[in-house]
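Chemist: coords below, sequence missing:
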């Protein structure tokens with residue numbers, strides 16, 4: 001019996017994603033969305049420190065340099081941290097290109113080859129489709145630059161939410177810190193009530 005495990009992506013009919021009129025121009029380096037974000041925040045010493053740049057169309061490019069603090073097996077990146085890096089890159093594509101708040105609903109990763117400590121993973125993410133509040137996005141991570149070998153692939157479903165989602169579910173002490181120091185958040189404009 002032959003089984004096909006590869007599901008179509010997106011898994012349902014979608015509309016083509018449209019880059020928001022206020023999305024950053026191609027070539028723009030994107031700031032972290034929150035200074036204390038483990039994926040992109042600059043104030044987390046052992047964080048991933050993902051750096052992201054807007055590309056043409058509905059795509060972004062992120063880079064993640066694997067340090068000794070990110071290893072699982074000796075000398076190799078921890079798979080969970082690679083999944084985290086992809087979650088961050090995929091989310092950056094949604095947030096920056098659609099300009100609407102969204103959260104991860106499902107994340108799939110495929111580990112193709114090991115990612116050694118000291119290497120930089122180049123992650124190209126792009127929006128694949130939109131169906132109501134659902135946003136489908138996928139990415140490939142390459143070693144050695146944009147033409148390097150694929151090491152990891154991922155795809156995710158994000159769900160657009162209202163900004164109140166974060167106020168209702170965030171830790172009160174963190175929300176108070178942001179109220180006292182708004183510079184902890186990136187101040188890019190978003191559509192607040194999709």
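Modeler: In hand now; what should we look at? Please read these numbers as outputs of a predicted model, since none were measured by experiment.

Chemist: Show me what the helix or strand containing residue 137 is packed up against.
Modeler: Using DSSP states H and E, residue 137 sits in strand 134-143. Contact here means 3 or more CB pairs under 8 Å, 6 or more residues apart in numbering; DSSP states H and E; on that basis strand 134-143 packs against helix 79-98, strand 120-131, strand 149-160. Where C-beta positions appear, they are placed from N, C-alpha and C, glycine not excepted.

Chemist: Just checking: what are the partner strands of that strand?
Modeler: Its sheet considered, strand 134-143 pairs with strand 120-131 (antiparallel), strand 149-160 (antiparallel) by DSSP bridges.

Chemist: starting at the chain centroid, how far to it?
Modeler: With CA atoms, centre = their mean, to the nearest Å as the basis, strand 134-143 stands 8 Å off its chain's centre.

Chemist: try stretch 91-102
Modeler: Averaging C-alpha coordinates over stretch 91-102 and over its chain gives two centres that are 9 Å apart (CA atoms, centre = their mean).

Chemist: Would you mind listing the buried residues in it?
Modeler: Neighbour counts using 16 or more other CB atoms under 10 Å place 91-102 of stretch 91-102 among the buried residues.

Chemist: what's the average pLDDT for it?
Modeler: In this model, stretch 91-102 carries a mean pLDDT of 95.

Chemist: Let me have the strands paired with strand 134-143 in TSV, extended by mean pLDDT.
Modeler: Shown next, in TSV, are these (pLDDT from 0 to 100):
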stretch	mean pLDDT
strand 120-131	98
strand 149-160	98
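
Chemist: Can you tell me which of the ones you listed is nearest to residue 80?
Modeler: Comparing those against residue 80 with CB to CB, the closest turns out to be strand 149-160 (12.0 Å).
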